[in-house]
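Q: sequence first, predicted coordinates after that:
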Amino acid sequence: GDSAEKPSQPPAVQRQQHPSTHTQPQSPHQLPPVQTAPTRLYPIMSIVGPEVDVLSRPRVAGGPKAGAREANELAWPEEVLEFVERAQLLAKPEKIHLCTGSDEENQTLLDLLVKGGTLTKLNPKLRPGCYAARSDPADVARSMGDTYICAERKADAGPSNNWAPPVEMRARLKQNFNGCMVGRTMYVIPFCMGPVTSPAAKFCVQITDSPYVVVSLRLTTRMGAQALEHINGSNFMQLWHSVGCPLTGGPDEVSTARSTWPCNIPERKVVHFPETREVWSFGSGYGGNALLGKKCVALRIASAQGNDEGWLAEHMLILGITNPKGEKRYICAAFPSACGKTNLAMLTPSLPGWKVETIGDDIAWLRFDKDGRMRAINPENGFFGVAPGTSHDTNPNAMATFATNSIFTNVGVTDDGDIYWEGMDELPTTGITDWKGNRDWTPSYKASGKVDTKKNPAAHPNSRFTTPLSQCPILDPAWDSPEGVPIDAIIFGGRRDDTMPLVYETFGWDHGTFVGATMRSNATAAADQRGLVNDPMAMKPFIGYNVKDYFANWLRMPEIAEERAAAGVAVQMPKVFHVNWFGKGADGEFLWPGFSENCRVLDWILERCAGRADAVETAIGRVPAKNAMNLEGLEGFGQAELDQLLAVDPALWTAEIADIRSYFSEALMKGDNTPIPAALEAQLSQLESRISALKQ
């Protein structure tokens with residue numbers, strides 16, 4: 001990041017005084033005037049335009065925000081500046097920059113990152129406005145072992161989260177952050193998760209010493225002036241981030257401090273304080289470890305807040321689907337990372353007359369309106385998608401979305417300044433530098449002659465594209481709706497080689513909650529896990545409180561819907577389904593073609609929501625009846641192949657039930673005596689009875 005900067009002693013700054021403005025607040029949201037400027041150790045600098053000494057200059061009386069002070073032509077609330085001062089005193093940066101989100105500021109930071117070697121500017125003819133980043137090989141994904149939920153009580157963190165006493169953890173963090181930005185610039189980034197005028201909006205201010213974080217947050221959040229003008233008083237979350245590599249110039253300097261990707265992995269921590277809605281992240285510059293609005297705020301903190309307030313923060317895509325009759329419905333779908341969420345969110349339907357529009361590919365906040373309908377908003381403003389496997393064949397809309405103004409991290413870079421990753425349409429004819437910086441990369445091949453995408457890949461399996469939501473060619477017109485869109489169906493799914501059918505409908509909300517709570521999926525490269533793992537609602541890494549209380553929050557949603565609905569309004573809960581695109585045959589190959597053909601499954605799901613499609617009741621749920629799913633034009637795949645994908649194998653399900661029971665009685669009870677909700681225990685017993693009946 002700032003590896004080119006040299007440590008220096010900051011100039012001494014004397015305590016400054018200025019007279020009171022005596023301006024009265026014009027509304028309850030405005031702040032009283034500042035009487036004196038605070039004592040400061042370092043000046044605030046601007047990387048764009050003249051130096052701004054904002055902390056010693058009062059806001060002009062009578063302005064739009066009394067009690068705020070100006071910098072970069074913006075009025076900064078006193079509470080924000082007080083947060084900046086506390087961070088400044090602890091981290092001891094050489095310079096501070098208050099971010100506005102302007103085009104000029106963004107380009108200045110991009111140029112700084114290119115100069116420092118963190119970014120490589122791609123060929124403007126092939127990828128206009130695009131850059132490639134290469135992280136430290138040790139800093140490539142989230143690390144659950146270093147992620148903490150430091151609730152006041154250990155029981156409120158639960159068995160699926162790391163916990164430490166908040167007082168002890170704060171002391172450790174303050175030791176980490178003490179002087180962590182010496183020789184670097186501290187960037188102050190105001191941003192909003194969710195539409196800025198939505199009652200659900202979450203305003204945040206993040207401090208960081210990584211300019212890579214600044215340019216990335218500009219792509220993925222509503223960042224800068226548009227967020228700052230809505231911050232009044234203390235209505236913002238305080239987010240602390242540092243790569244943990246002060247430029248001290250001494251023997252204690254971290255070995256990576258002056259690299260193109262500074263990080264301090266031995267001291268890495270991503271810590272959440274749910275009661276105070278704070279996040280502190282130290283040592284990593286990658287992904288959700290550093291872009292704190294994403295998983296940290298929009299899922300972990302928001303899920304805890306949703307439990308307090310009666311709503312859900314979920315790891316889900318949001319999709320609008322219009323059938324040939326012109327009927328439009330919205331769905332949410334929860335898959336673990338790298339299991340096809342982005343591909344489904346940007347689906348190009350194979351069936352004629354169907355139209356798919358996306359609102360988001362990763363996170364949904366679900367609340368009820370006065371009609372008792374569940375509505376969803378996407379709190380993000382961009383995509384941070386897994387790159388490998390994305391191509392013109394699998395996801396042409398994604399390829400169009402990141403064609404310009406995007407950042408690609410840990411991908412291959414061709415000699416002519418383009419990008420490459422495994423699963424892209426064809427191998428480039430020019431040379432390739434791989435994600436580790438090795439030039440003249442060459443692929444490995446299988447005995448069949450096909451490229452072996454897992455051995456010696458050009459792009460890391462968790463390599464990413466970061467791109468604005470506004471560039472998506474199928475962006476839904478309601479993507480920025482403050483109230484969100486009404487949800488007709490919720491879909492759960494993961495990577496399963498067997499057991500799980502292609503699609504089935506649950507018997508109701510409690511059963512749907514059970515199906516989501518007992519999801520298992522083959523682990524992916526997005527996290528440091530291996531094998532088949534329990535991933536309830538695809539939220540295991542992101543639940544910011546006790547997982548069993550999280551299940552209980554899901555179970556109480558119909559009751560909350562009744563409370564929120566106006567008198568006399570009949571509540572309509574979304575139907576819940578489960579899908580598995582990844583079932584394999586005896587030869588180890590996928591049975592379902594997937595990708596654009598997944599619209600055939602969505603067709604049946606939405607027809608079920610409309611009460612038109614037929615289904616057959618099985619021991620695990622309702623599957624499509626014969627000829628209920630449209631297979632017309634699907635070459636080499638007919639009803640016989642579909643029947644194989646819809647089969648319920650009693651032996652496999654007996655083993656599944658045993659694993660679920662073990663999960664409930666052992667994994668979820670380890671070190672925590674919070675009971676499993678009785679409704680889920682009842683669902684498990686009922687499933688076991690239905691499967692037993694099949695074997696008789």
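A: Cool, the structure landed. Worth saying up front: this structure is predicted, and the values here are computed from it rather than measured. Residues are numbered from 1 along each chain as shown.

Q: buried ones in stretch 498-507?
A: Neighbour-count burial for stretch 498-507, counted by 16 or more other CB atoms under 10 Å, picks out Thr499, Met500, Pro501, Leu502, Val503, Tyr504, Glu505, Thr506, Phe507. All C-beta spots, glycine's among them, are computed from the backbone N, C-alpha and C.

Q: give the contact list for the third one.
A: Contacts for Pro501 were tallied using CB atoms under 8 Å, 6 or more residues apart in numbering; they are His578, Asn580, Gly583, Ile620, Val623, Leu645, Leu646, Ala647, Val648.

Q: could you rerun that using 7 Å?
A: Asn580, Val623, Leu645, Leu646, Ala647, Val648 (CB atoms under 7 Å, 6 or more residues apart in numbering).

Q: secondary structure element holding the second one?
A: What it means is Val623. Here Val623 sits within strand 622-624, counting by DSSP states H and E.

Q: what stretches of the stretch 51-200 of the chain score poorly on pLDDT?
A: Where the stretch 51-200 of the chain drops to pLDDT under 70, the residues are 51-73.

Q: can you rerun that using 50?
A: 51-66 (pLDDT under 50).

Q: picking up where we left off before, could you export the contacts of Pro501 as JSON lines, including secondary structure?
A: JSON lines is the format used below for the contacts of Pro501 (DSSP: H, G, I helix; E, B strand; the rest coil):
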{"residue": "Asn580", "secondary structure": "coil"}
{"residue": "Val623", "secondary structure": "strand"}
{"residue": "Leu645", "secondary structure": "helix"}
{"residue": "Leu646", "secondary structure": "helix"}
{"residue": "Ala647", "secondary structure": "coil"}
{"residue": "Val648", "secondary structure": "coil"}
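
Q: start to end distance for stretch 262-276?
A: Distance across stretch 262-276, first residue to last, is 29 Å (CA to CA, to the nearest Å).

Q: mean confidence for it?
A: The predicted model gives stretch 262-276 an average pLDDT of 98.

Q: can you tell me how far Gly638 sits from Met629?
A: 11 Å (CB to CB, to the nearest Å).

Q: ok, now Val601?
A: From Val601 over to Met629 (counting by CB to CB), the distance is 7 Å.

Q: what of Asp549?
A: Here Asp549 is placed at a distance of 38 Å from Met629 (CB to CB).

Q: so between these two, which is more surrounded?
A: Met629 (22 against 16; other CB atoms under 10 Å).

Q: for the residue nearest to that one when sequence neighbours are not counted, phi and psi?
A: Nearest non-adjacent residue to Met629, counting by CB to CB, 6 or more residues apart in numbering: Trp604, 4.8 Å away. With angles defined as degrees, to the nearest 10, Trp604 sits at phi -60, psi -40.

Q: contacts only, for Trp604.
A: Trp604 is in contact with Val503, Ala613, Pro624, Ala628, Met629, counting by CB under 7 Å, 6+ apart.

Q: so which of the residues you listed are in strands?
A: Secondary structure defined by DSSP state E assigns Val503, Pro624 of the contacts of Trp604 to strands.

Q: closest one of the contacts of Trp604 to Leu90?
A: Nearest to Leu90 among those is Val503, at 52.2 Å by CB to CB.

Q: beta partners for the closest one?
A: Val579 (DSSP bridges).

Q: hang on, Asn553 is in a strand, isn't it?
A: No: looking at Asn553 with three-state DSSP, it is helix, so not inside a strand.

Q: what about it, how many neighbours?
A: Around Asn553 there are 23 residues (other CB under 10 Å).

Q: quick one: it and Glu309 touch, right?
A: No: Asn553 lies out of contact with Glu309 (CB atoms under 7 Å); the separation is 10.1 Å.

Q: name the SS class of Phe465, please.
A: Relying on three-state DSSP, one would call Phe465 strand.

Q: that one contacts Ser406, doesn't it?
A: Yes: look at Phe465 against Ser406 with CB under 7 Å: they come within range, at 5.7 Å.

Q: out of the helices and strands in the protein, which is least certain?
A: strand 68-71 (a mean of 60; mean pLDDT, DSSP states H and E).

Q: heading C-terminal from that strand, find the next helix or strand.
A: Next in line after strand 68-71, if elements are assigned by DSSP H and E, sits strand 74-77.

Q: that next one: how far from the chain's middle?
A: Taking CA atoms, centre = their mean, to the nearest Å, the mean C-alpha location of strand 74-77 is offset from the chain mean by 28 Å.

Q: which helices and strands sit right next to that strand?
A: Packing partners of strand 74-77 (3 or more CB pairs under 7 Å, 6 or more residues apart in numbering; DSSP states H and E): strand 68-71.

Q: again, 10 Å this time
A: With contacts defined as 3 or more CB pairs under 10 Å, 6 or more residues apart in numbering; DSSP states H and E, strand 74-77 has these neighbours: strand 68-71, strand 185-193, helix 225-228.

Q: could you export it as PDB, CA atoms only?
A: Coordinates of each C-alpha in strand 74-77 appear next as PDB, following Å, rounded to 0.1, in the frame of the first residue of the first chain:
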ATOM      1  CA  LEU A  74     -17.600  18.400   3.000                       C
ATOM      2  CA  ALA A  75     -18.900  19.000   6.500                       C
ATOM      3  CA  TRP A  76     -17.600  16.300   8.900                       C
ATOM      4  CA  PRO A  77     -19.700  15.800  12.000                       C
END
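
Q: immediately after that strand, which helix or strand?
A: Using DSSP H and E, the helix or strand that follows strand 74-77 in sequence is helix 78-91.

Q: coming back round to it: identify the contacts common to Phe465 and Ser406.
A: Listed as contacting both Phe465 and Ser406 by CB atoms under 10 Å, 6 or more residues apart in numbering are Cys130, Leu219, Gly382, Phe383, Ile419.

Q: I'd assumed Ser391 was in contact with the last one.
A: No: taking contacts as CB atoms under 10 Å, Ile419 lies outside contact range of Ser391: 11.8 Å.

Q: which one is Ile620 nearest to, not counting chain neighbours?
A: Residue nearest to Ile620 in three dimensions, not counting chain neighbours: Val648, with 5.6 Å by CB to CB, 6+ apart.

Q: could you do Pro159 as well?
A: Distances taken as CB to CB, 6+ apart put Asp672 closest to Pro159, at 4.3 Å, once the chain neighbours are dropped.

Q: wait, that neighbour touches Gly158, no?
A: Yes: counting by CB under 10 Å, Gly158 is a contact partner of Asp672 at 5.7 Å.

Q: overlap in contacts of the two?
A: Asn546, Val547, Lys548.

Q: which parts of the stretch 401-550 of the chain are helices?
A: Counting by DSSP state H, counting those that start in this stretch, the stretch 401-550 of the chain has helices at residues 509-517, 547-555.

Q: rewinding a little: reformat the contacts of Trp604 as JSON lines; add pLDDT and distance to Gly353.
A: Compiled in JSON lines, the contacts of Trp604 are given as follows (pLDDT from 0 to 100; distance: CB to CB, whole Å):
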{"residue": "Val503", "pLDDT": "98", "distance to Gly353": "21"}
{"residue": "Ala613", "pLDDT": "96", "distance to Gly353": "17"}
{"residue": "Pro624", "pLDDT": "98", "distance to Gly353": "20"}
{"residue": "Ala628", "pLDDT": "96", "distance to Gly353": "18"}
{"residue": "Met629", "pLDDT": "96", "distance to Gly353": "16"}
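
Q: and which of the contacts of Trp604 is nearest Phe203?
A: Relative to Phe203, the closest of those is Val503; by CB to CB it sits at 39.3 Å.

Q: so who does that closest one touch?
A: Applying CB under 10 Å, 6+ apart to Val503 gives the contacts 491, 493, 577-581, 592, 598, 600-602, 604-605, 608, 615, 621-624, 629, 642, 645-646.

Q: repeat for Asn627
A: Neighbour list for Asn627: Asp614, Gln639, Leu642 [criterion: CB under 10 Å, 6+ apart].

Q: neighbours around Pro124, how many?
A: Applying other CB under 10 Å, we find 11 residues neighbouring Pro124.

Q: that one belongs to a helix?
A: No: secondary structure assignment (three-state DSSP) places Pro124 in coil, not in a helix.
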